[in-house]
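*Asks:* let me see the structure of the following:
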Amino acid sequence: MKHGKKYRASVAKYDLTKKYDVNAACKMVQDMKIAKFDETVEAHVSLRLGKSDTVRDTLVFPNQFKAEKRVLVFCKEDRVKEALDAGAAFAGADEYIEKVKGGWLDFDIAVATPDMMKDVGRLGMVLGRKGLMPNPKTGTVTADIAKAIAELKKGRTEYRADKGGVVHIAVGKCSMEADKVAENISTLLSEINRKKPADAKAGYVQTVSVSSTMGPGVWVDFKEEE
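*Replies:* Residues are numbered from 1 along each chain as shown. Okay, here's the model as predicted:
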């Protein structure tokens, strides 16, 4: 892939074959920003997974950088007021199931109470493709509506490994203070390491890199916790 002059000038500033501590890596990424818009800072964590291993979980970053999410709660009529009072943008049962079936997706996150999943499960073809299907693993299928919405409002974020075993996730913005982005990355790595499979061998986290939307990647010197 041929890169433009600005990209090549950014790459020339540093030795990108080396690894750097997370704070230094974040400062470098911000310094190598090339776009006029406020680029997102992304972390890329390569994991050593077994054939049957899957990685999908959530965390709350200590430093938020995303706009507030619009939450849809699938629940029975007697819990609609509770969901709306807790901060949901939309709440209900059949009405919203039919709207989603018709292609309506004017929300960012879907939460469902367990008693609704039989009906919500039929929306798999619509919600699944968009990554919006409620799931117990990510805390979006729960009887505790208020707690789920509160955590989502705080910025609870889902992360998952792709087929190659790599977690790609936004961790901040180039306009943020570098140490705050670094703190978010450290939180991510700590969570991934804490929740690794019980039979995971040394070297579970193989490589860590960080980059901006348009800029080059920087390797992070990460030492796996015992």
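
*Asks:* hang on, residue 69 packs against residue 153?
*Replies:* Yes: between residue 69 and residue 153 there is a contact at 7.3 Å, judged by C-beta atoms under 8 Å. Every residue, glycine included, has its C-beta placed from N, CA and C.

*Asks:* hmm, who's touching the helix-or-strand element of the chain with minimal mean pLDDT?
*Replies:* Within the chain, no helix or strand scores below helix 5-11, which has a mean of 81 by mean pLDDT, DSSP states H and E. Contacts with helix 5-11, where a contact means C-beta atoms under 8 Å, 6 or more residues apart in numbering, come from 3, 31, 32, 33, 34, 214, 215, 216.

*Asks:* any idea how far residue 51 is from the last one?
*Replies:* Read that as residue 216. Residue 216 sits at a distance of 33 Å from residue 51 (criterion: C-beta to C-beta, to the nearest Å).

*Asks:* for the least confident helix or strand of the chain, the distance to its chain's centre please.
*Replies:* 28 Å (C-alpha atoms, centre = their mean, to the nearest Å).

*Asks:* do a quick rundown of the strands in this protein.
*Replies:* 19-20, 40-47, 56-60, 71-74, 90-92, 109-112, 156-160, 166-173, 205-212, 218-220 (DSSP state E).

*Asks:* quick one: closest of those to residue 181.
*Replies:* strand 166-173 (3.6 Å; C-beta to C-beta).

*Asks:* can you spell out which helices and strands pack onto that closest one?
*Replies:* In terms of contacts (3 or more C-beta pairs under 8 Å, 6 or more residues apart in numbering; DSSP states H and E), strand 166-173 is packed against strand 40-47, strand 156-160, helix 178-194.

*Asks:* so what's residue 219 bridging to?
*Replies:* Assessed by DSSP bridges, residue 219 has beta-bridge partners residue 19, residue 209.

*Asks:* from residue 22, how far off is it?
*Replies:* Remark: distance between residue 219 and residue 22 (C-beta to C-beta) = 11 Å.

*Asks:* swap in residue 100?
*Replies:* According to C-beta to C-beta, residue 100 and residue 22 sit 40 Å apart.

*Asks:* sorry, back to before: mind checking which of the strands of the chain is nearest residue 142?
*Replies:* Nearest to residue 142 among the strands of the chain is strand 109-112; the distance by C-beta to C-beta comes to 7.0 Å.

*Asks:* from the chain's centroid, how far away is the closest one?
*Replies:* That offset, for strand 109-112, works out to 15 Å (C-alpha atoms, centre = their mean).

*Asks:* pretty sure residue 170 contacts residue 41?
*Replies:* Yes: under the criterion of C-beta under 8 Å, residue 170 makes contact with residue 41 at 7.1 Å.

*Asks:* more crowded one of those two?
*Replies:* A direct count of neighbours by other C-beta atoms under 10 Å for residue 170 and residue 41 places residue 41 higher, at 27 against 16.

*Asks:* pLDDT value on the residue lying closest to the more buried one once chain neighbours are set aside, please?
*Replies:* Excluding its sequence neighbours, the residue lying closest to residue 41 (C-beta to C-beta, 6 or more residues apart in numbering) is residue 172, at 4.3 Å. At residue 172, the model reports a pLDDT of 94.

*Asks:* again, but for the one 10 residues further on
*Replies:* Here the pLDDT value assigned to residue 182 is 97.

*Asks:* thanks a lot, catch you later.
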